[in-house]
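*Asks:* Pasting a predicted model and its sequence here:
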Amino acid sequence: MTFSHPIDDRYFEDYIEGDVHNCGSIAVEADEIVEFAKRFDPQDFHTDPEAAKRTPFGGLIASGWHTVGLMMRLYVEHYLTHVASLASPGIDELRWLKPVRPGDTLSVRVTVLKTTPSRSKPDRGALTSFIEVFNQAGETVMTLRTVNMIARRTPG
């Protein structure tokens, strides 16, 4: 599905409950897995390809937090408005379902779950979205729910 307005002219009203949006794809590189993990998640199955072979994963895997970062890149580039995003109060139900490995290509699909105009601040609303991340085989590797505060084009 495509939005009625481009990302640099997208407001709360442009997110329609039930709409599903594909957000492109991104490659997972071994050196980026190791670099990220050495800095933020220094576990052997993320940082040491040889040691990772002896883990239940049988090889190097990306940190779940790295996977979140890759997802976020596509979410921001293709889904989240560039002119009306007012931050987020958080995420819910983050699940890492399958390991992400070097050479994988991840794609992101976002479903608009709920749009709730703010009663106390009529210039904005809360956008609740369900995000699914898939590998190149179509397997779901991660899911989460997000809430974003989005400015309205015309305050209600």
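*Replies:* Yep, that arrived. Numbering: from 1, shown residues only.
*Asks:* My read is that Asp41 contacts Ser63, right?
*Replies:* Yes - counting by CB atoms under 8 Å, Asp41 does reach Ser63; the two are 3.8 Å apart. For the C-beta atoms, the positions are set from N, CA and C on the backbone; glycine is no exception.
*Asks:* More neighbours: which of the two?
*Replies:* Ser63 (21 against 16; other CB atoms under 10 Å).
*Asks:* Quick check, the more buried one in contact with Glu35.
*Replies:* No - counting by CB under 8 Å, Ser63 sits too far from Glu35 to count as a contact (10.7 Å).
*Asks:* From Ile26, how far off is the closest residue in space to Asn135 that isn't next to it in sequence?
*Replies:* Distances taken as CB to CB, 6 or more residues apart in numbering put Asp104 closest to Asn135, at 4.8 Å, once the chain neighbours are dropped. According to CB to CB, to the nearest Å, Asp104 and Ile26 sit 9 Å apart.
*Asks:* Tell me which of the two has more neighbours.
*Replies:* Higher neighbour count among Asp104 and Ile26: Asp104, with 24 against 18, using other CB under 10 Å.
*Asks:* OK, contacts around that one?
*Replies:* Contact analysis of Asp104 by CB atoms under 8 Å, 6 or more residues apart in numbering lists 27-28, 135-136, 141.
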